[in-house]
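Novice: test case, fold it:
(one chain, ligands or ions: 1)
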Amino acid sequence: MWPAALRACCIQIAIKKTYKTAKLKKGTTLELDIVDMAFGGKGIAKLPTENGEFIVFVNNSIPGQKVAARITKKKKRFAEAKLIKVLQPAAEETELPYQRIPGAPFAAWPIEKQRTAKEQSTLEMFKRLGEWENVEEVFEGYIASPKSWHYRNKMEYSFSSLRSELGTEEESWDFALGFKRRGQWWAVENLDADSGLFDEQLESQLFRIREFCEKTGLPAWDPAKSEGFFRFLVVRKSFAQDALLFNLVTTSKGLDQFDQAAFVDLLKDILGEDRLAGVLHSLNDEVGDAVKQLPENQKLLYGEPKVVEELLGLSFEISMQSFFQTNPACAELLYQRAIAYAEEAMAKLGQEDLWVMDLFCGTGTIAQLLSRSPKIQKIIGVDIVPEAIEDAAKNAARNNIEGIEFYAADVRKFLWEYPQFKQKIGVIVLDPPRGGIVPKALKRVIELEAPAIVYISCNPATQARDSLVLKEAGYEAVKLSLVDQFPHTSHIESVILYLKK
Ligand SMILES: C[S@@+](CC[C@H](N)C(=O)[O-])C[C@H]1O[C@@H](n2cnc3c(N)ncnc32)[C@H](O)[C@@H]1O
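Specialist: Here you go, the predicted model:
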């Protein structure tokens, strides 16, 4: 018998496979062992090749998993691959009492593991993309979501006449309502049970909505022909009211055969009248695959077209098309941190009559919270969505807050058209959408010459890119916090305080 060490060594030699880099082509499917994680929820597999180690990044996979993944992009030393299937879960993954959905790829991974992976990979990314060497020194901590489950206040379900079998790539022509299978836009996996992310009462009965719609005889959206009747079901929830607002999006083809009153009755039956805030029906005849909730194409079938949410003692009326933070309990912590950074900057400035700008202000949440500060004389809020600005103005009135100037405008155009704000602003709060700030808009922001910027981002990678530009312009990042607004996903929110040198 060979000694144990020698036996182990021989086994390793036997199973260690060397890959030919030429064979690692786009379109090739591989079985991979995920050993680490990079920013953005990309699992890392390391393959030995004739040229040394070759890295494969697999979206939405976690260390410890064995996966099947297809190469989508190949470079000299690494490739990107699309997750096809988890062949073997990681040892740390747990059984869940929920239906797994594509939007929550890490749900079975303990939340503490998610935290470590998100924290480390985000700091690493800031160092690399943002050239931010001392990031650990200014990092003030990771704020966990107060709720790990049922934290979301909005869901968009899709209808499709192409159903994807759960957990497989098999598709069949069938009436489906749920979520699009990961990585593609045509086939939908039925949601037949609570996903653990949104509203348990609704999701455990969503199948009844599917059955009702199918029985009407009207077709679900056919992604191949770009036609059909049922397209999307968007649901917004208020935790304060404990009520849901629905928007059913259909085409107009067959509208006269659709019994709207019966649809409302079904929702009342599912939730009970107390939990049904309102029902809207929107028409969208465009072929593009976007929800499009234009108010001019909307009819209110029941209740109110809005819900009311409460955050940090203020109350906010939110319409279907306005942005509102998806995880309100965690948003309170995010806002508190952003306000603390703004206040710290204001204390340094030492003035009592500051002007503050809340750019990309949505329904004006941050502007209204800032209005409590005695050091601020004037607040200007800007957002491109007119309904969000209408909501912002109404919300300020509702909260008895006066004097905030809200503008419905593109930030870049606004700053171009109102040059009078240059050198007048003490603190700028920036909270752009996931794509970040377009370079011309960032240039205009820099031209304001504000001594401090508080930049909130739901995509730290674009924030890291913007940080380089801000650094060039003399802004030093002095504080950073990460906030887990999106448990079970690869996403993370970050808040940075920049001071002008
Ligand atoms: C991440 S949200 C932030 C909203 C707000 N600060 C909050 O916490 O509720 C980004 C906002 O940017 C707005 N937006 C997107 N592009 C814009 C642009 N070019 N100019 C102005 N606002 C824009 C969106 O309508 C959305 O309300």
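
Novice: show me which helix runs longest in this structure.
Specialist: helix 328-349 (DSSP state H).

Novice: domain parsing for this structure?
Specialist: 4-88, 116-147+327-500, 154-311 (automatic domain parsing).

Novice: let me see the mean pLDDT of the first one.
Specialist: Average pLDDT, domain 4-88: 86.

Novice: get me the contact residues on the chain for the ligand.
Specialist: 323-325, 360-363, 365-366, 382-385, 388, 410-411, 431-433, 458 (Cβ under 6 Å from any ligand atom). (Each C-beta comes from the backbone N, C-alpha and C, glycine too.)

Novice: for ChimeraX, write the select line for the buried members of those residues.
Specialist: In ChimeraX, a selection of the buried entries from the residues of the chain next to the ligand looks like this (16 or more other Cβ atoms under 10 Å):
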select :323,324,325,360,361,362,363,365,366,382,383,384,385,388,411,431,432,458
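
Novice: tell me the pLDDT of the nearest residue to residue 388 once chain neighbours are set aside.
Specialist: Excluding the flanking residues, the one nearest residue 388 by Cβ to Cβ, 6 or more residues apart in numbering is residue 322, at 4.1 Å. Model confidence at residue 322, given as pLDDT, is 81.

Novice: and what of residue 476?
Specialist: In this model, residue 476 carries a pLDDT of 96.

Novice: so what are the sheet partners of the helix or strand hosting it and their directions?
Specialist: Residue 476 is part of strand 475-483, with elements assigned from DSSP states H and E. When sheet partners are counted by DSSP bridges, strand 475-483 sits next to strand 139-143 (parallel), strand 493-500 (antiparallel).

Novice: tabulate these (a markdown table), appending distance to residue 152 and mean neighbour count.
Specialist: Formatted as a markdown table, the strands paired with strand 475-483 follow (distance: least, Cβ to Cβ, whole Å; neighbours: other Cβ atoms under 10 Å):
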| stretch | distance to residue 152 | mean neighbour count |
| --- | --- | --- |
| strand 139-143 | 17 | 15 |
| strand 493-500 | 14 | 22 |
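
Novice: can you put these in CSV and add mean pLDDT and distance to residue 473?
Specialist: Formatted as CSV, the strands paired with strand 475-483 follow (pLDDT from 0 to 100; distance: least, Cβ to Cβ, whole Å):
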stretch, mean pLDDT, distance to residue 473
strand 139-143, 97, 22
strand 493-500, 98, 8
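
Novice: so can I have JSON lines of those strands showing distance to residue 255?
Specialist: Listed next are those as JSON lines, based on distance: least, Cβ to Cβ, whole Å:
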{"stretch": "strand 139-143", "distance to residue 255": "46"}
{"stretch": "strand 493-500", "distance to residue 255": "40"}
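
Novice: next one: the residue nearest to residue 140 when sequence neighbours are not counted from residue 365, what distance?
Specialist: In space, and not counting its chain neighbours, residue 140 is closest to residue 481: 4.9 Å by Cβ to Cβ, 6+ apart. Plainly put, residue 481 is 17 Å away from residue 365 if you go by Cβ to Cβ, to the nearest Å.

Novice: what angle sits between the strand holding residue 476 and helix 328-349?
Specialist: 150 degrees (axes from the mean of the first three to the mean of the last three Cα atoms, to 10 degrees).

Novice: for the residue of the stretch 301-450 of the chain found nearest the ligand, what are its contacts?
Specialist: Nearest residue of the stretch 301-450 of the chain to the ligand: residue 362, at 2.8 Å (Cβ to the nearest ligand atom). By Cβ atoms under 8 Å, 6 or more residues apart in numbering, the contact set of residue 362 is 322-324, 383, 385, 388, 392, 431.

Novice: where does it land in three-state SS?
Specialist: Put simply, residue 362 is coil when judged by DSSP: H, G, I helix; E, B strand; the rest coil.

Novice: do residue 487 as well
Specialist: Per three-state DSSP, residue 487 ends up coil.

Novice: and it, how many residues sit next to it?
Specialist: 24 (other Cβ atoms under 10 Å).

Novice: swap in the one 4 residues further on?
Specialist: Burial measure for residue 491: 17 neighbouring residues, criterion other Cβ under 10 Å.

Novice: would residue 158 count as being in a helix?
Specialist: No. Residue 158 is assigned strand when assessed by three-state DSSP, not a helix.

Novice: number of nearby residues for it?
Specialist: Neighbours around residue 158, by other Cβ under 10 Å: 25.
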